[in-house]
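Colleague: could you work out the structure for the sequence below:
(2 chains)
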Amino acid sequence: MTLVIILVVVAVVLLASGGLFVATRARRRGPALTLPPVSRPVPPSSAPVPVVAPPEATAGEEHKAGRPVLKDRLGRARGLLAGYFDQVRGRSGIDEATFDELEEALILADVGVATTTRVLDDLRDKLRAGVLATNDAPALLQALQDDLVSIFAGDVESLSYADGDGPTVWLFVGVNGVGKTTTIGKLALREAQAGRAVVLAAGDTFRAAAGEQLETWAERAGARIVRGADGADPSSVIFDAVQHAAARGAALVMADTAGRLHTKVNLMEELRKVRRVAERPPGVLTEVLLVLDATTGQNGVVQARQFTEAVGVTGIVLTKLDGTAKGGVVLAIRSELGLPIKLVGVGEGLDDLVAFDPSEFVSALFG
Amino acid sequence: MFDTLTDRFDAIFTRLRGRGRLGDAEVAEVLREIRVALLEADVNLAVVRDLIEAIRIRCTGAELAKHLTPAQQVIKVVNEELTATLGGEALKISYAPKPPTVVLLAGLQGSGKTTASAKLARWFRQQGRHPYLIGADLQRPAAVEQLRVLGAEIGVGVFSEPTDPVAVARSGLAEAQRLGRDVVIIDTAGRLAIDRELMDEVRRVSDCVKPDYTFFVVDAMTGQDAVQTAEAFHRALSLDGIILTKVDGDARGGAALSVKQVVGRPIAFLSTGERVADFETFHPDRLASRILGMGDVLSLIEKAEREYDEEVAGQAFERLQAGSFTLEDFLDQLRQIKKMGPLTGLLSMMPGVPKEVRDAKVDDRDVGKIEAIICSMTPLERTDPSVLDGSRRLRIAHGSGTSTTEVNNLLRQFKEMQKMMRGIGPMAKLVGGGRPGKASKSSKGNRKKVKGGRVTPSSRGLGPTR
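Modeller: Okay, the predicted model is just below:
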């Protein structure tokens, strides 16, 4: 509390002088700016959408052969990094240039400076200790791949369900435009196909037409949806959805929330409340999933940290991995915060949401 | 939070004191730091390399100016290079001689095109134009619905029909002409740069409506990939400008630098918040400071301008100087500041805030507590806290749902602040005449700097000068 007081006063001093500065400017400019009416905040549009929706008999695991493999999807865009690694492979020995190339490749994949440096220092140590031969570039690359895969070691990838009677609740959170609603839509379809009765909670009462978007998905998945009025308290919508699910004996509630930047304290506060309500019996909250866009850079780490602090994120859904972005920031997130990656979105089709496979992900990085 | 570059540089340059020239070794070390800082800010690697080279040339063997510390001098060079890269010609919208002027928005999914369309429409209306929105995003469920709601909110007509994007654009344009609108903004579906089919589609839309301006909408949080995406869109659509969205987060926005460099077209607008009004034209110097983690005091002032009642602020300032700042004033200010967003966000925008304070974990919930405590006081107690005896304090604690310890804390801190501020008051008159030089490490000294160094380079933050 002490700090807050200090900060407010610091801010007051700065702002007051800013205010004076403004006053002179405003005078120069004529009429002062009128405050915009306090309108409902409008988060940017979100969520990609499938072009076609032919869900060829999918339902997760038993269908492993046919499911989209990361590498195929990423194949369309691999050129960039593969070039670096080919170069390393092609050279006879290992020198500083090799490390420079590896560093560049990892940084271009958004792995981030800290994680990259750590991983490469590790490799250097291995070279020095003689674990790796100084003329064996392929072995070096293999060691790098193994190191990266080991960052994900111990990941429990599958989503968990409640043991008891109450409906399982999964809460989806994230910044604006990462694809929360779309992820829920796809996942609802998958769960419905696996024979679970699904209820969707349209907790994004903020963005214009977000409820309609989720409703379209509910229809596709044959799931029930509970909606509130625009601008309604998202907690109440989720509460109703859990009650509804319990009454009907539905197994799973997936709760959408409005996209919010992690810097907006009031919105994060709202999310805390949503979580508190979501874990109230009869509902059993088993997952709080942070949806993260693969194009996100180093800010992804900050997002993960802040959302985890606020609502205890249990795992990450990495979306839009079918573009040119590599999503390497999850390596940084995993190694700094230890959050498991649970699902990845690799395309716009309904069945393009797959379980995360570390070695697949890493070898896709290597092109 | 990140260390600012200046902090890191200070460490490197302590060795350098007394020498008049930057040596190669120091320059190399400093350049490494700059490189890391830029990469952490998501500036593309290739762009970083060019920048570092330019900075190396300017720093090597440079004479040290007397009035700047070496750290300041290097920062100045870096800042100038960044500003130059980000800046260049600004985008001047010239309207088509034969209306309507057509604006097309394109970008990845979730970059914020629909919201940016509405914000842009509002901006055009403020310029005295008559905009019209066309919703050509027929892919995402309810995207058109979203645009309609936004359009209704800002009072701009929205056209769409469930056919195909090219047809929608064509009939929308005809409709705009019929209605006599002079600016048409077309929102398109988000697409991946490597999706040939969808890129073809947006190209067809573009060929059909022949836009006067094509804007690429890009999320400020984008990482290294920004370059590839921008290149692909530029190839397909020949972009005229960039709209950077979600700038209100704490991402450093290095992607902007990359995109600007690759596309070679100006960054036109920043989308800075969730409300339709949160949209501003772009200032290269501010973003440069932000990428470097040096705070963004000008944007802060602008934010203050929007949210802060200048008269109240002026009065508060005078009282601060006079030392008659009461708890009542404090409450007023607290509420005003609350409107501007979380305290931590504000702090990150202020240069010269001591590192200890900047890094401190601030719980914004405490703001609520403080508000409650002050609200539980009588007017007399607020103006004259000395009347607060034990029983009054207990009453206040009960009334505000806090404990007497918390009430006591607030009062003690407030008193100390009052004392300190009385000393700082006169400093404010130094605005414009801040002293360069070594920053005192005491927090008090630094706080003074916030004031004095607002528009001049202090050793901690090189405030963008006007």
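Colleague: quick one, helices of the stretch 251-400 of chain B?
Modeller: Assigned by DSSP state H, counting those that start in this stretch, the stretch 251-400 of chain B shows helices spanning B:254-263, B:284-291, B:297-307, B:310-322, B:327-339, B:343-349, B:355-359, B:365-375, B:379-383, B:390-400.
Colleague: from the chain's centroid, how far away is the first one?
Modeller: Spelled out, that is helix B:254-263. Here the centre of helix B:254-263 is set off from its chain's centre by 16 Å, with Cα atoms, centre = their mean, to the nearest Å.
Colleague: for the fifth one, same thing?
Modeller: Averaging C-alpha coordinates over helix B:327-339 and over its chain gives two centres that are 23 Å apart (Cα atoms, centre = their mean).
Colleague: tell me which residues of that helix come out buried.
Modeller: Using 16 or more other Cβ atoms under 10 Å in any protein chain shown as the test for burial, helix B:327-339 gives B:327, B:329-334, B:336-338. All C-beta atoms are positioned from the backbone trio N, CA, C, and that covers glycine.
Colleague: close to chain A: what parts of the stretch 151-300 of chain B are there?
Modeller: B:153, B:189-190, B:192-194, B:219, B:221-226, B:228-229, B:232, B:245-246, B:248-252, B:254-255, B:271, B:273-277, B:297, B:300 (Cβ under 8 Å from any Cβ of the partner chain).
Colleague: which of these are buried?
Modeller: In terms of neighbour count (16+ other Cβ under 10 Å), the buried residues within these are B:153, B:189-190, B:192-193, B:219, B:221-226, B:228-229, B:232, B:245-246, B:248-252, B:254-255, B:271, B:273-277, B:297, B:300.
Colleague: narrow these to those in strands?
Modeller: B:219, B:245, B:271 (DSSP state E).
Colleague: A:Glu103 falls within a helix, correct?
Modeller: Yes: A:Glu103: assigned to a helix according to DSSP: H, G, I helix; E, B strand; the rest coil.
Colleague: thinking it is in contact with A:Asp121, fair?
Modeller: No: A:Glu103 is beyond contact range of A:Asp121, at 10.7 Å (criterion: Cβ atoms under 8 Å).
Colleague: surely A:Asp147 touches A:Leu120?
Modeller: No: in this structure, A:Asp147 is not within contact of A:Leu120 by Cβ under 8 Å, at 9.2 Å.
Colleague: does chain A sit close to stretch B:39-47?
Modeller: Yes: under the criterion of Cβ under 8 Å from any Cβ, chain A is reached by stretch B:39-47 at B:39-42, B:44-45.
Colleague: between those, which is nearest B:Ala121?
Modeller: B:Asp42 (29.4 Å; Cβ to Cβ).
Colleague: contacting residues around the closest one?
Modeller: Counting by Cβ atoms under 8 Å, 6 or more residues apart in numbering or on different chains, B:Asp42 touches A:110, A:297-299, B:221-224, B:226, B:251-255, B:258.
Colleague: where does the prediction get shaky in the chain?
Modeller: Defaulting to chain A. Within chain A, the ranges that satisfy pLDDT under 70 run A:1-82, A:155-157, A:367.
Colleague: right idea, wrong chain: chain B
Modeller: Looking at chain B by pLDDT under 70, you get B:1-23, B:61-72, B:88-89, B:293-314, B:317, B:321, B:323, B:339-364, B:420-466.
Colleague: from memory B:Asn408 sits against B:Arg392, does it?
Modeller: No: with contact defined as Cβ under 8 Å, B:Asn408 does not reach B:Arg392; the gap is 11.6 Å.
Colleague: tell me which of those two has more neighbours.
Modeller: Counted by other Cβ atoms under 10 Å in any protein chain shown, B:Asn408 and B:Arg392 do not tie: B:Arg392 has more neighbours, with 17 against 14.
Colleague: count of neighbours near A:Ala162?
Modeller: For A:Ala162, using other Cβ under 10 Å, the count is 16.
Colleague: give the contact list for it.
Modeller: For A:Ala162, the contacting residues are A:168-169, A:284, A:286, by Cβ under 8 Å, 6+ apart.
Colleague: repeat that with 7 Å
Modeller: A:168, A:284, A:286 (Cβ atoms under 7 Å, 6 or more residues apart in numbering or on different chains).
Colleague: before we move on, what about B:Ser258?
Modeller: B:43-44, B:47, B:226-227.
Colleague: among those, who's most crowded?
Modeller: Going by other Cβ under 10 Å, B:Ala226 tops these with 31 neighbours.
Colleague: so how far is B:Leu270 from that residue?
Modeller: Using Cβ to Cβ, to the nearest Å, B:Ala226 is found at 15 Å from B:Leu270.
Colleague: again with A:Leu339
Modeller: Using Cβ to Cβ, one gets 30 Å for the distance from A:Leu339 to B:Leu270.
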